[in-house]
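*Asks:* The sequence and its predicted three-dimensional model are supplied below.
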Amino acid sequence: MPDHTQILPSAPLAATRRRWLTIVISVFSAMALAYSAYWLIALRYWQSTDDAYVSGNVVQITPQISGTVVAIGADDTQFVQAGQPLVRLDQADAKVALDEAEAQLAKTVREVRSLFATSAQLQAAVTMHQSDLDRASADLTRRERLASSGAISGEEMQHARDAFDSAKAALLEAQQQLEANRARVDHTSVENHPDVRNASARVRDAYLTYARTVLPAPVAGFVAKRAVQLGQRVSPGAPLMAIVPLDQVWVDANFKEPQLAAMRVGQPVTLTADLYGSKVRYRGKVAGFGAGTGSAFALLPAQNATGNWIKVVQRVPVRIALDEQELAAHPLQIGLSMQVDVNTRDRGGDCLPQSVRNVPVYATDVFGSLESIADERVKTIIAANQGGSTRVAQDQPQNAAALGHLAGFTRMQDSIAARRPAL
């Protein structure tokens, strides 16, 4: 028989193997227990996704009137302030219409003034005819007493009656003329007269048209997607360029359906951008949830009512608000990829809050002064044509925020012309 004692492991070697196996099993068990404890304590409260991208407002610059582009104030990648002029249209036609409207307003004010003056004149005429009627009535009464005694002839008596009837008819005519004139001016003033208000509305309309030949930036931001060119004939609503305010960006993170159960509005979020790497971390919070999945709002929604249906896990966009100071220190462009980690430990918030905002989410006051400037211009024209010494301002109508840079446009065009080589 063969001797098997030479191929069996020795007792010390077997013990060593068992000891190492025990150590390995213990290490893996400890790691599993540690991971389980870490998952129970912290990791289960975190939901992560790398399907997240920076989003923001893209403010389109569109004209409100038709016109020919004569100046462009900013180009792609340039930063502009709110109110800075971006595009200027030819102002010749609008200026002519504004001058015509102002001249018509001045003429209307003078015509209404004449109505008030005519009313006073007609009142004086009524008083005069009333005096004539009283005198004719007294003459007729005196002659009637004399006629009974035969002191005057019948012809003279008839003349007295004719004079009384004539004075009465003249008074009636004057009263009717006064009433007709009063119907046009009663319960009103020169400023509030319907004709003046109508002419004032035409001046405001012409002024707004003239002011809208300059397109200002509604917000501060960077110019993108410039499509307008010099000499181009533009129409209302045509997109000329866009302004992107990079200080108002947010992150849209697309989480899977099972990840949304523990998410609430207001939960803290940690974010990293591929642009800066893991060394730069952003702090944010959950601002809200989309009203539907991405596929529900897609241009071509999925048709699930088919025979060959395969279930696909859906994703819902979750908006993440970023810290303004961190965003200012490390700016983000629209479309950048982000890594999002949401801490869902605090679940006291609402899944879909239904609070109503009482203030606008975004607002601009760039266009707010146009109406007040037009009103001041109308008041100046009315005052100048009421017989006072006020003169109509001859300066160009300009918005303090948006139209005040017209001189800058002129200087820019002069500088370009000076650098242009002579032909």
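*Replies:* Cool, got the structure. Residues are numbered from 1 along each chain as shown.
*Asks:* for the protein, what spans make up the helices?
*Replies:* With DSSP state H as the criterion, the chain has helices at 11-41, 92-148, 154-185, 194-211, 324-329, 369-384, 406-419.
*Asks:* Stretch 239-254: how far from the chain's middle?
*Replies:* Put simply, stretch 239-254 sits 16 Å off its chain's centre (Cα atoms, centre = their mean, to the nearest Å).
*Asks:* With stretch 274-282 instead?
*Replies:* Averaged C-alpha coordinates place stretch 274-282 at 35 Å from its chain's average position (Cα atoms, centre = their mean).
*Asks:* Please report phi then psi for the residue nearest to Ala302 when sequence neighbours are not counted.
*Replies:* Nearest-residue entry for Ala302: Ser295, 5.2 Å, with adjacent residues in sequence omitted and distances by Cβ to Cβ, 6 or more residues apart in numbering. C-beta coordinates here come from the backbone N, C-alpha and C atoms, glycine included. Dihedral angles phi and psi of Ser295 (degrees, to the nearest 10) take the values phi -70, psi -30.
*Asks:* if I read this right, Ser295 contacts Val313, doesn't it?
*Replies:* No: with contact defined as Cβ atoms under 8 Å, Ser295 and Val313 do not form a contacting pair (10.8 Å).
*Asks:* where are the low-confidence patches of the stretch 151-300 of the chain?
*Replies:* 151, 153-155, 174-175, 177-187 (pLDDT under 70).
*Asks:* hmm, try it at 90
*Replies:* By pLDDT under 90, the weakly predicted segments of the stretch 151-300 of the chain are 151-197, 258-259, 261-262, 266, 278, 290-300.
*Asks:* what do you get for the stretch 301-423 of the chain?
*Replies:* Within the stretch 301-423 of the chain, the stretches with pLDDT under 90 are 301-314, 344-376, 379, 382-423.
*Asks:* Strands along that one, start to end?
*Replies:* Using DSSP state E, counting those that start in this stretch, the strands of the stretch 301-423 of the chain run over 315-322, 337-343.
*Asks:* Let me know which of those strands is the nearest to Thr108.
*Replies:* Thr108 sits nearest to strand 315-322 of all the strands of the stretch 301-423 of the chain, at 54.4 Å, using Cβ to Cβ.
*Asks:* Let me see the domain layout of this protein.
*Replies:* The chain resolves into domains spanning 61-93+213-243+364-418, 103-208 when parsed by automatic domain parsing.
*Asks:* show me what contacts Phe78?
*Replies:* Check again: residue 78 is Gln, not Phe. Counting by Cβ atoms under 8 Å, 6 or more residues apart in numbering, Gln78 touches Phe222, Val223.
*Asks:* Quick check, Asp274 in contact with Ser337.
*Replies:* Yes: at 4.6 Å, Asp274 and Ser337 qualify as touching, with contact defined as Cβ under 8 Å.
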